[in-house]
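Participant: coordinates only, sequence not included:
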DNA sequence: CCCTCGTTTTATGTATACAATTCATCCTGA
DNA sequence: TCAGGATGAATTGTATACATAAAACGAGGG
């Protein structure tokens, strides 16, 4: 029977992903193979494999013979990402409204209840994690693994950019209200309403998008 | 100034991709690192890197210490893929109807005109390539690189399965008729109609889906 | 005859050494 | 002073050797 021993490369990939999601690694940061090898006490080989995997998922960029950096995207590209995310997350919500089990509905309902506390105390870090849980619950609630993985992947790629979004005063309460709308439709089994609510929640446009951009640290956008 | 020398690993990845798309490598086929290294006269290192990249795109599966095989998917997973593909390609068509340049509209129109000849002569190989061009034109016509890449990736992953679809008598003419409907809406600038036509073209269901399954060689489905 | 356990074999995972290219520096010359 | 190019250093790409885990095989017992 196979033991399924995790490889060092997999561990490295997961660790670096975490670093990017948590902001310890920022867009534009260079990923030096030797430094990483020393930091983790491994050779360059597993480091390279981890970098390749991250590159394939779009989280970092590797240009031949020029090393790897955490992906820095352009503003038009960021807009494109939100355009697609809104569509994908909307589809997730639509399917979730029809397919979620009773346990799953209870679970996402609990997530939103938990969020109310964090929003009240303006505990941004906790709300950030809760927000992640909320979206994840809808991805898996779609009961379509392919859709789930694609949406999650895009969510990951935009994570370094959405991270600062909550710093804007009032954004947390807006976000929570939108989450509630989605869950309401979800529990009612109204697929169209859930899809539209989710679409609007993700597809920040106009003034809201300008506000969002204003939260981005310098160097996060290229071009 | 960087020369941008392509690496061996990149060449290997592209070659192996081609092999999978063309059916030279079939789902379930084992990818032995040593054999590949010998075949291409390189060491195992670039072979491994190519395999990791292919794994990240979903075209092959690498399980730790158990080697790599061309992805074999289950029937439920295949259904999921078509469900998502229909949505994504529908979105591409919707955007393309609004955003395509005049040159792009002319180009896709030419593609369909070319297809009529292949359908008449029942030249399946040529039609297969033409069909690829048609879909590609709509992906890029969306003018959303993120959407384009995601849709193309999923298209690639399903390529080994859609390849045999045209073998069914009459399918070529059906396909062509559907393409024409899409282009018609596209040229008219009717986004909703284009999206729906594309959705229906991709989202094969019911009897048509059963017919499609019947074209699959044995061993292409798992479970 | 089949199942189980231990050994052998083979392939993958990792480390290290070497090659090739890119980038930085410095020198030369206009 | 600045442009251009050559030279050196540093980093990535590749090859090879070794470590280790999983598969294959065979012997022994039930």
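Facilitator: That came through fine. Note that the structure is predicted; figures quoted are calculated from it, not measured.

Participant: Now the closest residue to chain B within chain A. Nearest residue, chain neighbours left out?
Facilitator: Across chain A, no residue is closer to chain B than residue A:56, which sits at 3.1 Å (CB to the nearest CB). Heads up, the C-betas are built off the backbone N, CA and C, glycines and all. Spatially, and ignoring its direct neighbours in sequence, residue A:56 is nearest to residue B:56 (3.1 Å; CB to CB, 6 or more residues apart in numbering or on different chains).

Participant: Quick check, that neighbour in contact with residue A:51.
Facilitator: No - look at residue B:56 against residue A:51 with CB atoms under 8 Å: they stay out of range, at 11.4 Å.

Participant: Who has more neighbours out of these two?
Facilitator: It is residue A:51, of residue B:56 and residue A:51, that has more neighbours when counted by other CB atoms under 10 Å in any protein chain shown, with 25 against 19.

Participant: and the more buried one, helix, strand or coil?
Facilitator: Put simply, residue A:51 is helix when judged by DSSP: H, G, I helix; E, B strand; the rest coil.

Participant: Check the gap between it and residue A:12 for me.
Facilitator: Per CB to CB, to the nearest Å, residue A:51 is found 8 Å from residue A:12.

Participant: do the same with residue A:173
Facilitator: 39 Å.

Participant: Looking at those two, which is more packed in?
Facilitator: Between residue A:173 and residue A:12, counted using other CB under 10 Å, residue A:12 has the larger neighbour count: 23 against 13.

Participant: Hmm, the more buried one is touching residue A:42, no?
Facilitator: Yes - with contact defined as CB under 8 Å, residue A:12 reaches residue A:42; the gap is 7.4 Å.

Participant: quick one, phi psi at residue A:30?
Facilitator: When quoted as degrees, to the nearest 10, the phi and psi of residue A:30 stand at phi -80, psi 140.

Participant: contacting residues around it?
Facilitator: A:67-69 (CB atoms under 8 Å, 6 or more residues apart in numbering or on different chains).

Participant: 10 Å - rerun?
Facilitator: Neighbour list for residue A:30: A:67-70 [criterion: CB atoms under 10 Å, 6 or more residues apart in numbering or on different chains].

Participant: For it, list each beta-bridge partner.
Facilitator: Beta-bridge pairing for residue A:30 (DSSP bridges): residue A:69.

Participant: Look up the pLDDT of it for me, please.
Facilitator: The model reports residue A:30 with a pLDDT of 95.

Participant: Please apply the same query to residue A:207.
Facilitator: At residue A:207, pLDDT is 88.

Participant: neighbours of it, just the number please.
Facilitator: So residue A:207, with other CB under 10 Å, has 8 neighbours.

Participant: ok, and it, which helix or strand is that part of?
Facilitator: Here residue A:207 is covered by helix A:206-214, with elements defined by DSSP states H and E.

Participant: So for that helix, what gets flagged as buried?
Facilitator: residue A:212 (16 or more other CB atoms under 10 Å in any protein chain shown).

Participant: who touches that helix?
Facilitator: The contact list for helix A:206-214 (CB under 10 Å, 6+ apart) reads A:75, A:78-79, A:82, A:161-162, A:164-165, A:167-168, A:170-171, A:174, A:203-205, A:220-221.

Participant: same thing but 6 Å
Facilitator: With CB atoms under 6 Å, 6 or more residues apart in numbering or on different chains as the test, helix A:206-214 has contacts from A:165, A:168, A:204.
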